[in-house]
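> Got a sequence here, can you model it:
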Amino acid sequence: MKTPETIRALYLESGGTPPVCKLGDIPGSVLADGDVLIRVECSSLNYKDAMMLKGLGYNLKEFPFIPGIDVAGVVEDSDHADFKAGDKVVLNGYGTGESTSGGFASHVRTRGDCLVAVPDGMTTQDTMTIGTAGLTAMLSVMFMEHEGVSPKSGDILVTGAAGGVGSVSITILSALGYRVEASTGRMEEADYLKSLGAASVISRSELENGPERPLMVRRWAGCIDSVGGGTFSTVLSSLHKRGVIASCGLAASNQSEISLLPFLLRGTRVVGIDGGYGPIEERKEAWARIASTLTSDQFAAMRTVVPLSDVLGLADEIIGGRVRGRTVIMVDQ
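Here you go, the predicted structure:
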């Protein structure tokens, strides 16, 4: 397995809050171990990436370190039986950009059993429009389906709707025939959310303070929740019988005060969604579903495309909840 002498990267040179970040050439020896070398075409900007760039929530000990939890590109060298030079691949999670060097670089090296081939009909930009956030959204839909939720069951609520997980969730659910209600703290984005397929939009303030009583009026058959906190408990108390929450984020809080009554009297269920790890076959299925469900126009409607040099300036924006949809980073420009 060859190692490039140097790679171009946006990297953390040292720790701190904020850490010292630079864009330039560094030795290829920083690449992770693995049996597949990828020439990166694009990545994406996620909340986790922004936290690392700002020195929040991570305790890195080895520098330089390259963030970027999402990767899409072309195989340059491979010792793995399933991949050969020239194959287009996508990599999400499995520690990429968190414990091993990530996608904000010209090259990434990883294990082939963590990779998924870019589905037919999708470009590498499309896969990064989805990224970890969108993969989490598709997994949430699949698990709700597994629990018996269908378009005939009733409305589906999407919280944190203007963010990455929310935008992709609305688009997928709408394409599958669900009636979607979107909850957001940015009501100025209502037209954008409706353009993605939301039938109605409500303010986060209706949900975030928790329910008035353990069992509220039944409003939704299911929910994809990336917010947590009081929003989670309000939704839990407002589900139909046999309703399902796909819990996939904690933008507001990782704590929620709940009653057991919705579980005992309405048979509600909560499914935890792990978008960063999980069986590779499950992830391959999710990517196949995405490719068969969404169109190139729908991918384009959710994304903003920026060069790698713009990423540092956007970190504060995504942490502050001011980024709409998905941000695709063109690493090879």
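> Nearest the middle, which residue of the protein would you pick?
By C-alpha atoms, centre = their mean, the chain has its centre lying nearest to Ala133, at 1.0 Å.
> What distance do you get for that residue to Ser101?
21 Å (C-beta to C-beta, to the nearest Å). From N, CA and C alone the C-beta is placed, and that goes for glycine too.
> And for stretch 285-300, what's in contact with it?
Contact with stretch 285-300 is made by 90, 116, 119-123, 125-127, 129-130, 134-135, 138-139, 141-142, 171-172, 175-176, 196, as judged by C-beta atoms under 8 Å, 6 or more residues apart in numbering.
> In the longest helix along the chain, which residues are buried?
Counting by DSSP state H, the longest helix found in the chain is helix 124-146. Neighbour counts over helix 124-146 (16 or more other C-beta atoms under 10 Å) mark 124-144 as buried.
> what's the average pLDDT for that helix?
Mean per-residue pLDDT for helix 124-146: 97.
> Can you list the strands that the helix or strand just after it pairs with?
Beyond helix 124-146 on the C-terminal side, the first helix or strand identified by DSSP states H and E is strand 156-158. Each strand paired with strand 156-158, and its direction, by DSSP bridges: strand 180-184 (parallel), strand 220-225 (parallel).
> Packed most tightly, which of those would that be?
Counting by mean count of other C-beta atoms under 10 Å, strand 220-225 has the highest mean neighbour count of the strands paired with strand 156-158, with a mean of 29.
> With only the CA atoms kept, save whatever helix or strand comes next after that strand in PDB.
Counting by DSSP H and E, the next helix or strand C-terminal to strand 220-225 is helix 229-236. Provided in PDB are the C-alpha atoms of helix 229-236 (Å, rounded to 0.1, in the frame of the first residue of the first chain):
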ATOM      1  CA  GLY A 229     -34.300  17.800  25.600                       C
ATOM      2  CA  GLY A 230     -37.800  19.100  26.200                       C
ATOM      3  CA  THR A 231     -38.700  18.600  22.600                       C
ATOM      4  CA  PHE A 232     -38.200  14.900  22.900                       C
ATOM      5  CA  SER A 233     -40.500  14.600  25.900                       C
ATOM      6  CA  THR A 234     -43.200  16.700  24.300                       C
ATOM      7  CA  VAL A 235     -43.100  14.600  21.200                       C
ATOM      8  CA  LEU A 236     -43.200  11.400  23.200                       C
END
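> residues making contact with helix 229-236?
For helix 229-236, contacts defined as C-beta under 8 Å, 6+ apart pick out 157, 159, 183, 204, 206-211, 216, 220, 223, 225, 245, 247, 250, 252-253, 255-259, 262, 268, 270.
> Name only those of these that count as buried.
Among those, the ones that count as buried by 16+ other C-beta under 10 Å are 157, 159, 183, 204, 207-208, 210-211, 220, 223, 225, 245, 247, 250, 252, 256, 258, 262, 268, 270.
> Now do the contacts for Gly164.
Asn46, Tyr47, Gly131, Ala133, Gly134, Gly325, Arg326.
> what's the distance between Gln333 and Thr327?
The spacing between Gln333 and Thr327, counted by C-beta to C-beta, is 14 Å.
> taking the buried ones among the contacts of helix 229-236 one by one, which sit in helices?
The members of the buried ones among the contacts of helix 229-236 that map onto helices under DSSP H are Pro262.
> returning to what we had before: relative to Asp274, which of the contacts of Gly164 is nearest.
Asp274 has its nearest neighbour among the contacts of Gly164 in Ala133, at 13.3 Å by C-beta to C-beta.
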